[in-house]
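S.K.: pasting the sequence and the predicted coordinates here, then a few questions.
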Amino acid sequence: MSNQKITIVARILAKAEKSEAVKAELIKLVGFSRSDKGCINYDLHQDQENQNLFFVYENWENRASLQQHAESKHFVNFVDATKDANEEFSVNEMTKIA
């Protein structure tokens, strides 16, 4: 199991009519996730031009911490609450190079 820090960038494009609900669920998720073991930061951003577009920027101490987060009740609840509310949802695992 790797002990290397992991950066996640999640891109969420909410359906226009569901955008406020997705935003509320994301804010709730951030509150819980920042307390997860191994969470370095968990930051939510909203695009200035497209209010339906959100990015979550996360850093985790290691893969085990990220996996525990992915299996947490609050993350599973977020996925369930927003499963039909998004046009697009992508997650990129990143490595800092500079």
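M.R.: Done, it's in.
S.K.: my read is that residue 66 contacts residue 72, right?
M.R.: No. At 10.6 Å, residue 66 does not count as touching residue 72 under the criterion of C-beta atoms under 8 Å. Placement of C-beta: from N, CA and C, glycine included.
S.K.: check residue 1 and give its pLDDT.
M.R.: Note on residue 1: pLDDT of 48.
S.K.: need the contact list for the residue nearest to residue 96 when sequence neighbours are not counted.
M.R.: With sequence-adjacent residues excluded and distances taken as C-beta to C-beta, 6 or more residues apart in numbering, residue 96 is closest to residue 7, at 6.3 Å. Counting by C-beta atoms under 8 Å, 6 or more residues apart in numbering, residue 7 makes contact with 57-60, 93-96.
S.K.: so after the strand or helix carrying residue 7, what's the next helix or strand?
M.R.: Secondary structure from DSSP states H and E places residue 7 in strand 6-14. Next along the chain after strand 6-14, taking DSSP H and E as the criterion, comes helix 19-33.
S.K.: circling back to that earlier point, now restrict the contacts of residue 7 to buried residues only.
M.R.: Neighbour-count burial (16 or more other C-beta atoms under 10 Å) applied to these gives 58-60.
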